[in-house]
Structure formats: structure tokens, C-alpha cells
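**Student:** structure for the following, please:
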Amino acid sequence: AAVVEELAAGHDGELVGVGVGAAGWFDRTGDTVLFSPHLAWRNSTLRKDLAARLQRPLWVGNDADAAAWAEYRYGAARGADLALMITLGTGIGGGIVLDGRLRRGSHGVAGEWGHMRVVPDGRLCACGNRGCWEQYASGTALGQTAREVARTSPAAAARLLERVDCEPDRLTGEHVAQAAADGDPLALELVTDVGVWLGQGIADLAAVLDPEVVVIGGGVSKLGEMVLGPARTRLERALPGRGFRPGPRVVVAELGPRAGLVGAADLVRLAVSEQKDPVPLTPR
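**Tutor:** Residues are numbered from 1 along each chain as shown. Now for the predicted structure:
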């Protein structure tokens, strides 16, 4: 709220509305953040709290939904009948645009495919389950795997450990990404593994939803073809009916880290200025 007030004070013209994309599972009205695996939100009345402070029309919803909408309107998914957004960062988020509208499911939480279970009894996830997709195909997963390798095989991880003064617990996904960009063989192998897991998950989504395009955003997407190449290869091998059916295009987000901002702004603009609401059951 303070940021909005500061920005509004520095610009001429009327502030007609505010769009907010947040990392959490919203109810079907958009009023309540039911749960956020990576934040301390449980049944949080985010929309009500912001409305009381801002006194402006609001669109409040999931940040990956906002990013999906932005890529559909202005980015890599323009014109697609069915587009999926996958955001790779701390976890994995997602959004669905079908026939020109965001689709949020019966309870508002569609697109949370970071919590598909891909490894029974696998790594513990912040959601409380084990083996979720985001434990193997996110920036957090990249860092965790690097730390595990550095502890068990420090010689193999020597170049990575040099970046953190030989303290394996300090390794993050960002360290691995930088090392991969510099050509470190182990880092490249770890990034490839993330790409393979990404492609496997996309194949599973394609089996259920048959999207035209899958847009990859979030911090991990900055790795570009280092992660998308292995993902496409795995998708081709794992897609049900491969060889007899088309698969989705897998592309990097065109709007980059701005996608969520652009999407949230456009959603509130449509709701207020054009009296359109492309998100079913989201209050104006």
C-alpha cells in the first residue's frame, strides 16, 4: 500500500485502480488468501486490508495468474486458444488462459501444478506433502541438489564451492545458474536435471489439458535454452501418444519479470475502465 501511495504521489492524473498479484492460493472470490506455502498467509484477508488502506478499486489475485494473463495479452501466448503459464522461482506457480479468460477452477486454486506429486515419498515440500514437482524443477530445487552434491562429493563440486568459501549450506540456485553460465560442468548437469523434470511435468500437463503453448517464466527462465532445451527433449519423449499427436510449444516468457505487474495492471484496467472481468467470479 505504501508503494502505491508513493507512486501515485509522483505522477499526474487520477489513480483509477490497483492490481495486485501475490504468491498464494486465493478463494474463488479473490477476497481471501487461503494458503501460501512460502509465506505466512493462512486465510488472510489481503484484499479487504488493501482496500481499507487504498480506497481504490482493486484486482487482487495469484501472481502467476497475472503473469499468464500478461503473456496472453502482450507476450509469448498472444492469440492462443489454451495457454499455460509456468513460473519457476522459489517454487512453481501456474496460470491457465482458455478462450480469452483466466480459468481459476471451482475453488479459485487451479494452476497450482507445482504441487503435483512426481516422486512418491520424495522431498518434503513447504505445502506439507512430499515429492511435489517444485521440489525438483524450481530455483529452490536447483540449490538444494547443489548443496546435497557439495556435501557428499566436495571434489566434484569444487568450482561451485569456491563461490561460497567452501560452505555448502550457502549454495543457492542463483550460484548454480551463474556457474552454469560460466560453463561449470557440474552446474550444467544440475541445470539439465531441472530441465528434464520440467519437461516431464509439462508432458503430464499436456496429457490432461492439451495446451497450444506453455510459457516458462520466473527467475529460472533466465537460463534460457540451458533449461528449455532439456525440457523440450524430455517432453518429446514423455508426451503420451508421441508421434501420433501434436504437442505444445514451450517458450520463454517475453515480458520477463514484469509479467506479473503488467498482468495485474491490465486486469484492473479491464475491470474498471472497460467494465470487463476476464476472471470469472472475481469481484470488481
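
**Student:** contacts and neighbour counts: CA atoms only from here.
**Tutor:** Noted.

**Student:** would you list the phi and psi of the residue nearest to P240 when sequence neighbours are not counted?
**Tutor:** Leaving out its chain neighbours, the residue that sits closest to P240 by Cα to Cα, 6 or more residues apart in numbering is A207, at 6.3 Å. The phi and psi values for A207, taken as degrees, to the nearest 10, are phi -60, psi -30.

**Student:** next, count neighbours for A207.
**Tutor:** 15 (other Cα atoms under 10 Å).

**Student:** and V191, how many neighbours does it have?
**Tutor:** 27.

**Student:** you'd agree it is up against M226?
**Tutor:** Yes - using Cα atoms under 8 Å, V191 is in contact with M226, at 6.9 Å.

**Student:** if the most centrally placed residue in the chain is in a bridge, with which residues?
**Tutor:** By Cα atoms, centre = their mean, the chain has its centre lying nearest to T87, at 1.9 Å. Beta-bridge partners of T87, counted by DSSP bridges, are G93, G217.

**Student:** what's the spacing between E212 and G247?
**Tutor:** 8 Å (Cα to Cα, to the nearest Å).

**Student:** of those two, which one has the most company?
**Tutor:** G247 (21 against 18).

**Student:** the residue nearest to the centre of the chain reaches G218, doesn't it?
**Tutor:** Yes - using Cα under 8 Å, T87 is in contact with G218, at 4.6 Å.

**Student:** quick one: the strands in the stretch 51-200 of the chain?
**Tutor:** Counting by DSSP state E, counting those that start in this stretch, the stretch 51-200 of the chain has strands at residues 58-62, 82-88, 92-98, 101-102.

**Student:** including distance to G19 and mean pLDDT, could these go into TSV?
**Tutor:** Listed next are the strands of the stretch 51-200 of the chain as TSV, based on distance: least, Cα to Cα, whole Å; pLDDT from 0 to 100:
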stretch	distance to G19	mean pLDDT
strand 58-62	5	86
strand 82-88	19	98
strand 92-98	16	97
strand 101-102	15	94
